[in-house]
Structure formats: structure tokens, C-alpha cells
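need a structure here:
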Amino acid sequence: MRRARLIRVMCAAGLSLALVACGGSDKAAGPASGGATPVTIKDCAGNNVTFAAVPQRVVVLDGYAAQSMVRLGLGNRIVGVGFTKPFSVEQGPIRSELSRLPVLTADSVPPTELVAAKRPDLVLTAFSAFGGAPGSPKDADLATMNALGLAACMPRAASPTEAAEPLTTLAPTYDYLLNIGKVFRVEDRAEQLVADLKEREQAVVATAGTGTKPRVLILPDNPVAGQPVPTSGPATIANALVIGAGGENVFADASGMHSQVSPEKVAERDPQVILVVTDYSFAKAKGEALVDQVRANPLLANTTAVRTRRVLSTSQYVAAFPSPLNVDALKQIAAAMHVGGS
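Sure, this is the predicted structure:
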């Protein structure tokens, strides 16, 4: 009864995410404990990672992954969390529970020394690889700690000369959640949560996909004269949200999470909607201040989006990485996109 009640509470919260481990060669956790059956999953490189025991001490490198753990009833396993800025968009009981987690570094991914000091048996991240942030633990560091790593896997290019497959659904989010469920042996919770998220996602897609698909420019920062314009490529969560909300990425041929395109190309492709993804650390302004700058930018003044006041916004804390709140971002973007903007 308690498990069924917990599942209903989590489903009512309306969440979303997905996880897979990211490491080098095949790995295994320490000896099995408590009679747990070993679980093997594929990491982001396609290697097998075996969890002989249920992880007991987990360091979470970012708030996105912590949001998933808490929603699966696993917050008590977290001995340290970093980059807690995503917590700022939470509300209600979830935010309260997240606020009680032991914080290692609030504004950044914690460095290797702080992670190692917590003696984790699992290090978790919603980013697509370890070691991306300066000083943060790499796969080799995790091996030295005798800890396994689980990261959220995004589409990968088959070779350096090829582009990754476009991301048109929130599959990485769901895969991430399901793998967390497997690793912690709470598959029923994860499956129920994913089913709820997929149902919510499809409800938005079914409605948003019935009209004309506007051309959308995704902006993580305000363009500067004489410099390339930053945008999000097709193999990103932001692209999946635009597609699901009934639009099409005007730079679907770009590559990378943060691509650079020419101002001339922006003018040529003339976006009908501009989606500003706020709150990146590299952006010159945050939140609504960034949106105001984009609306007033003379480089964008002749686009259909600015002329018709269809400049929308969402935060990277819900729209950039696999997160329990991706579906909320989808609903928000779809609603704004099809009523003429904000």
C-alpha cells in the first residue's frame, strides 16, 4: 500500500528524465549485498556496466540528476550534490526535499577532491559525460575512487565527420529514469513515472502538431554585431522541445549543443519564432533581462519573429538537459508558440 501511494504521489507531480551510465571499458560494482541481483546496463559508449549491489552512497554532480533521484524516492541515498541552480525552478514538496540535500558546490559541478571525500559508490550526472567541467571527476577519477558513474546519454555521432541523429522526442530523459530505476531496483517507480511523462508529452504533441509548423530560432544568448550567432543544434533537448511543441528548428542542419551560425543565415532563414533559453552561465544577461535584450537587438529587428512579437523564453533549468521538468517546458513552449508569443 505504501509503495502504491508513493507512486501515485510521484505521478501527480508530473516529471521527466532519463539515464544511462557513461564510462570506458566494462565495469562492475563491488560484491553484491543484501541479496540484490546484479544489474547490467549499457553506458553512453555502449559498454556493459554491472551493478552487483544497490548503491548506498551517491554523489550527484548536478541538480538535474538530483531532481530525478528525489522523484524516485531515492533522496536518502545522496551524500552530496553540486550545481543546485536547477532547484530554483522547483515548487512545493519537491523543492523542500531538495533543499535538505547536503550541498557540495551550489554554483558549479563539484571538483574531484570534494567528490572523493564523500566516498561514493556511485557518481551520478544528467550531463552526457564526466569531466566536462574543469576540475570535475573524469572516468579515471571515478575508477580511483572505486565508484561507478551514471550519466544521461544524448545522441552521438558515429564518427567525427558525421552529425548526430536529430533528437525529436524526450527519449534520453525516459531512458535515464529507467536506468536509475534498474540500478536502484525500483523499476516499478521508474516505469510508472515514465508512463506518466510520456502520456503528458503525447497530449501536448497531439494538440501542437495539428497546425502550421513555425520556423524557430533557438538562442542561448544575445547576438553581438560582428560575431556568429549562437544557437542549439538538432541533437539537443531544446530541439526535441521545439519539435514536440509543433515547430521546426530553423538551424536543424547545425551541429553541437551550442553552434555558431552567421547573421546572414539568420536573416536568410527568417525565423517566425525566437525561443530564448535563459540562464546559461556564459550568457551576458539572465532571465527576462536577456529576453528584453533579444527583443531590442537590431540584428534581429527584421526577422518575422521580432516584427510579430513572437519572442518566447524558457530556462535552461527545464529545457537544456534531461530533467524531470522537460515535459513542463514542452507544455510551456507549445502554449506560447501557438498563441503568438509572450
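
Hmm, residue 236 and residue 166 touching each other?
No. Using CB atoms under 8 Å, residue 166 is not in contact with residue 236; the gap is 9.1 Å. (Glycine included, C-beta is placed from N, CA and C.)

Between these two, which is the more surrounded one?
Neighbours around residue 166 and residue 236, counted as other CB atoms under 10 Å, are more numerous at residue 236. The numbers are 28 against 16.

Quick check: phi and psi on the residue nearest to the more buried one when sequence neighbours are not counted?
Closest residue to residue 236 apart from its sequence neighbours, by CB to CB, 6 or more residues apart in numbering: residue 257 at 5.4 Å. Phi and psi for residue 257, reported as degrees, to the nearest 10, are phi -70, psi -40.

Residue 257 contacts residue 237, correct?
No. Residue 257 lies out of contact with residue 237 (CB under 8 Å); the separation is 9.0 Å.

quick one: the helices in the chain?
Assigned by DSSP state H, the helices in the chain fall at 2-13, 63-71, 92-99, 112-117, 139-145, 171-183, 187-208, 237-244, 263-269, 287-296, 304-307, 316-319, 326-337.

Indicate which one of these is closest to residue 278.
With CB to CB as the criterion, residue 278 lies closest to helix 287-296 of the helices of the chain, at 5.1 Å.

elements contacting that closest one?
Counting contacts by 3 or more CB pairs under 8 Å, 6 or more residues apart in numbering; DSSP states H and E, helix 287-296 packs against strand 273-278, strand 311-315.

Grab the CA positions of it and hand them over as PDB.
Taking Å, rounded to 0.1, in the frame of the first residue of the first chain, the C-alpha atoms of helix 287-296 are listed here in PDB:
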ATOM      1  CA  GLY A 287      16.200  35.600 -17.200                       C
ATOM      2  CA  GLU A 288      13.800  38.300 -18.600                       C
ATOM      3  CA  ALA A 289      16.700  40.700 -19.000                       C
ATOM      4  CA  LEU A 290      18.100  38.500 -21.700                       C
ATOM      5  CA  VAL A 291      14.700  38.200 -23.400                       C
ATOM      6  CA  ASP A 292      14.400  42.000 -23.400                       C
ATOM      7  CA  GLN A 293      17.800  42.400 -25.000                       C
ATOM      8  CA  VAL A 294      16.900  39.900 -27.700                       C
ATOM      9  CA  ARG A 295      13.700  41.700 -28.500                       C
ATOM     10  CA  ALA A 296      15.600  45.000 -28.800                       C
END
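
Work out the gap between that helix and the centre of the chain.
Mean-position distance between helix 287-296 and its chain equals 23 Å (CA atoms, centre = their mean, to the nearest Å).

contacting residues around that helix?
Identification of contacts with helix 287-296 by CB atoms under 8 Å, 6 or more residues apart in numbering yields 219, 221-223, 274, 276, 278-279, 283-285, 300, 306, 309, 311, 313, 315.

tell me the angle that helix makes with strand 273-278.
On the basis of axes from the mean of the first three to the mean of the last three CA atoms, to 10 degrees, helix 287-296 is oriented at 150 degrees to strand 273-278.

average pLDDT across helix 287-296?
Averaged across helix 287-296, pLDDT comes to 96.

can you pull the buried residues of it?
Neighbour-count burial for helix 287-296, counted by 16 or more other CB atoms under 10 Å, picks out 290-291, 293-295.

quick one: low-confidence parts of the stretch 101-250 of the chain?
For the stretch 101-250 of the chain, the stretches flagged by pLDDT under 70 are 157-163.

wait, which of the buried residues of helix 287-296 is closest to residue 251?
Distances from residue 251 to those, taken as CB to CB, are shortest for residue 294 (15.8 Å).

For residue 284, see how far away that closest one is.
As judged by CB to CB, to the nearest Å, residue 294 and residue 284 stand 11 Å apart.

joint contacts of those two?
Common contact partners of residue 294 and residue 284 (CB under 8 Å, 6+ apart): residue 222.

can I get the helices of the chain in JSON lines with distance to residue 46?
As requested, the helices of the chain are exported to JSON lines (distance: least, CB to CB, whole Å):
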{"stretch": "helix 2-13", "distance to residue 46": "30"}
{"stretch": "helix 63-71", "distance to residue 46": "21"}
{"stretch": "helix 92-99", "distance to residue 46": "32"}
{"stretch": "helix 112-117", "distance to residue 46": "25"}
{"stretch": "helix 139-145", "distance to residue 46": "14"}
{"stretch": "helix 171-183", "distance to residue 46": "13"}
{"stretch": "helix 187-208", "distance to residue 46": "21"}
{"stretch": "helix 237-244", "distance to residue 46": "21"}
{"stretch": "helix 263-269", "distance to residue 46": "35"}
{"stretch": "helix 287-296", "distance to residue 46": "38"}
{"stretch": "helix 304-307", "distance to residue 46": "40"}
{"stretch": "helix 316-319", "distance to residue 46": "27"}
{"stretch": "helix 326-337", "distance to residue 46": "24"}
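
residues contacting the residue nearest to the spatial centre of the chain?
By CA atoms, centre = their mean, the chain has its centre lying nearest to residue 321, at 1.5 Å. Applying CB under 8 Å, 6+ apart to residue 321 gives the contacts 62, 64, 126-127, 152, 237.
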